[in-house]
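Peer 1: Structure of the sequence below:
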Amino acid sequence: MSGSFSRRWISRPQTETHCDEAPDSSTQVSDPSASSDNMLAPPNISNLRSSVQMLAPLHYQAGYQYPLLVWLHSSGHNERQIEQVMPHISTRNYVGIGVRATRATDVRGFGFDWSRGPNATAKACEIVCNAVEQAQSSYSIHPDRIILAGYGSGATMACQVAMRHSDRFAGVIRAGGQFPNSQGTISDFKQLRARQLPMLWLQAINGVDDEPQALVRDIAMAQMIRAQVEIRQYRDDDVMNTAALKDIDRWCFDKIISPRPDATCVGDAVLDDADRTMVGFSSN
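Peer 2: Model prediction:
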């Protein structure tokens, strides 16, 4: 995987906490020249047997209520994908939690994907909400700053879960994937429209999920539910790059953590950040 990592960015057992100094919202990822060998301390064995992977922020402070970033992985991966994503978003600003999908994709038990259909969405809602409760019982979490994000099929499911439980999430981030239609997704249409759910859509120009006709349909659907959508496009074949991940942190601060009155609610910008690196994932 390309990018930067820090030895201090570790996955913790759910009962472990560490208090040092207050969070710093200006701090981003570590030196881009760092080796992937420095990524993580060996995870606790109990975490390997769980469908949830938690990451504590650097210098975690129990007296501060952290935003919670819930990550739904892409097809063929698992809950540990968050270990490779979070260092590029922020090592300080969030408690992170990765949730394993519901359907196995390989016999080794490393790869999973999100099943489709109303029953599958209901099951995903259940495991995501349970994961949030686990994080809340283990760390100091701000109840109004729980952000749901996903990549690929995980992005599609993140939108489905957020639209069913719009009162539980401060916003949803869709990196690739598809925006679901209303059939079998919305449990309370009136509540969802009143919520005006903040959304960030990250797309790669010429990527597999970037289809102009689909985008028009997705925007129409978002307008129907009165979602506050910001669309960002990147000059790559895949949206999983360091520039896009840094934009997640910026959007969370501007829209949810420390909202700016002049922050864009709906927009479409093509970004060509020279300081970007494609992010890849290992098979396990």
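Peer 1: and the longest helix anywhere in the chain, which residues are buried?
Peer 2: Taking DSSP state H as the criterion, the chain has its longest helix at helix 118-138. Going by neighbour count (16 or more other CB atoms under 10 Å), the buried part of helix 118-138 is 120, 121, 124, 125, 127, 128, 131, 132, 134, 135, 138. (Glycine included, C-beta is placed from N, CA and C.)
Peer 1: swap in stretch 241-256?
Peer 2: Neighbour counts using 16+ other CB under 10 Å place 241-249, 251-253, 255-256 of stretch 241-256 among the buried residues.
Peer 1: which of the residues you listed lies closest to residue 83?
Peer 2: Of all these, residue 245 has the smallest distance to residue 83: 13.2 Å, by CB to CB.
Peer 1: my read: that closest one touches residue 82, true?
Peer 2: No. Under the criterion of CB atoms under 8 Å, residue 245 is not in contact with residue 82, lying 11.5 Å apart.
Peer 1: Can you show me the helices along the protein?
Peer 2: With helices called from DSSP H, the chain shows them at 45-48, 81-89, 118-138, 153-164, 189-195, 212-224, 242-252.
Peer 1: Reformat the ones you listed as a markdown table; add distance to residue 234 and mean pLDDT.
Peer 2: Output for those, formatted as a markdown table (distance: least, CB to CB, whole Å; pLDDT from 0 to 100):
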| stretch | distance to residue 234 | mean pLDDT |
| --- | --- | --- |
| helix 45-48 | 32 | 37 |
| helix 81-89 | 14 | 95 |
| helix 118-138 | 27 | 93 |
| helix 153-164 | 14 | 94 |
| helix 189-195 | 28 | 87 |
| helix 212-224 | 14 | 86 |
| helix 242-252 | 6 | 95 |
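Peer 1: So what's the residue count around residue 156?
Peer 2: Residue 156: 22 surrounding residues under other CB atoms under 10 Å.
Peer 1: Which secondary structure element of the chain has the lowest mean pLDDT?
Peer 2: Ranked by mean pLDDT, DSSP states H and E, the weakest helix or strand in the chain is helix 45-48, scoring a mean of 37.
Peer 1: Now residue 225: closest residue in space, sequence neighbours ignored.
Peer 2: With CB to CB, 6 or more residues apart in numbering as the criterion, residue 225 has its nearest non-adjacent residue at 5.1 Å, and that residue is residue 192.
Peer 1: give me the number of residues near that neighbour?
Peer 2: 23.
Peer 1: tell me which residues of the longest strand along the chain are tucked away?
Peer 2: Using DSSP state E to define each element, the chain has its longest strand at strand 141-151. Neighbour-count burial for strand 141-151 flags 141, 142, 145, 146, 147, 148, 149, 150, 151 (criterion: 16+ other CB under 10 Å).
Peer 1: Which two of the residues you listed have the greatest separation?
Peer 2: Spatial extent of the buried residues of strand 141-151 (CB to CB) is set by the pair 142 and 151 at 23.6 Å.
Peer 1: low pLDDT regions in this protein?
Peer 2: Low-confidence segments of the chain, defined by pLDDT under 70: 1-50, 182-187, 207-210, 261-284.
Peer 1: tell me the centre residue of it?
Peer 2: Geometric centre of the chain, nearest residue: residue 149, 2.6 Å, by CA atoms, centre = their mean.
Peer 1: pretty sure that residue is in contact with residue 72, am I right?
Peer 2: Yes. Applying CB under 8 Å, one finds residue 149 in contact with residue 72, separated by 7.2 Å.
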